[in-house]
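Chemist: Dropping a prediction and its sequence here:
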Amino acid sequence: MNKKLSSYLLIFLALFMGALYYTNIIQSPLLSFLNSIKISYHNTIENIDKIIEKHLFQTQRITKLKEKLQKYENNHLVMQQLASEIDDMYKENDSPLVTDPRTELVRAISYEKFGNLNRIWLDIPDYNASKIYGLIYKEMVAGIVISKDTKALALLNSDIKSTYAVYIGNAKAPGIAHGNNDKNLVVNFIPAWFDIKVGDEVITSGLDNIFFKGLKVGYVISISKSQGYQNAVIKQYYNSNEPSYFHIIRNVR
């Protein structure tokens, strides 16, 4: 009986396999079913891979950010140490000089006018309309902040009215930088006896009481002379097409 049953099962299996191989009526639905299982399997595997990759990427990013944070914290501690020593030196020598440099993160609201990308309204808490503030973006000079209708208006570097004092090159040649409504800046009134050259870096001098000394502005790309002075065209470092947040300098000293 068992032998007959086994024989019948073998014959049935053989017929079924033959029908499956030669008949589309049975083959198509079965293949569709198997394909749907395969697709589901591959989708699941891909999703798992993406989750693992995302997790690993976030882990690596978190690690890098922690390393950067440690460096910033270390630099901050070093600066605090230096500031403390300077204050002690002032006190020991009965110097009336005091230092209280302060910066603050501020938010860009909107352009002043459509078509002019060099002027931006800023949201500055406790805004003092009588002051001119230095504007910084990622440790680069971005422009200045003036008052218009008692509101804070950022004049970015390229604006013709954005003006501040700078040094050029190792010789620290003094000059006045301003925009020209173009992507480059211009530095005027550079004394003729200073030796400046193309490629010299331009930094803030701090003599205008707007910026700290030594903030990066750009580098010289051409030089000309006029009426006893030198003029230089500057390729600026600041270049943001999506301005959103800046730092302003509340106090220079």
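Modeler: Great, that's in hand.
Chemist: Pop the domain breakdown of the chain in here.
Modeler: 1-98, 100-253 (automatic domain parsing).
Chemist: Highest mean neighbour count out of those?
Modeler: When neighbours are counted by mean count of other C-beta atoms under 10 Å, the highest per-stretch mean among the domains of the chain falls to domain 100-253, a mean of 17. The way it works is simple: take the backbone N, C-alpha and C, and place the C-beta from them, glycine included.
Chemist: still on that earlier bit, with mean pLDDT as new columns, can the domains of the chain be given to me in a markdown table?
Modeler: A markdown table is the format used below for the domains of the chain (pLDDT from 0 to 100):
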| stretch | mean pLDDT |
| --- | --- |
| domain 1-98 | 65 |
| domain 100-253 | 91 |
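Chemist: Residues in contact with stretch 190-201: which ones?
Modeler: Under the criterion C-beta atoms under 8 Å, 6 or more residues apart in numbering, residues 168-171, 173-175, 216, 218-223, 225, 228-232 lie in contact with stretch 190-201.
Chemist: do that again at 7 Å, thanks
Modeler: 168-169, 171, 173, 175, 219-223, 225, 228-232 (C-beta atoms under 7 Å, 6 or more residues apart in numbering).
Chemist: same question, stretch 52-62
Modeler: So stretch 52-62 is in contact with no residue, going by C-beta under 7 Å, 6+ apart.
Chemist: Quick check: the farthest pair among the contacts of stretch 190-201?
Modeler: Distances among the contacts of stretch 190-201 were taken as C-beta to C-beta; the most separated pair is 219 and 228, at 24.3 Å.
Chemist: all helices of the stretch 51-200 of the chain, in order?
Modeler: In the stretch 51-200 of the chain, no helices are found when defined by DSSP state H, counting those that start in this stretch.
Chemist: Tell me which stretches of it form strands.
Modeler: Assigned by DSSP state E, counting those that start in this stretch, the strands in the stretch 51-200 of the chain fall at 102-113, 116-123, 133-137, 140-148, 151-156, 163-168, 173-179, 184-191.
Chemist: Between those, which one is closest to residue 244.
Modeler: strand 102-113 (5.5 Å).
Chemist: angle of the closest one against strand 116-123?
Modeler: Angle of strand 102-113 versus strand 116-123, following axes from the mean of the first three to the mean of the last three C-alpha atoms, to 10 degrees, is 130 degrees.
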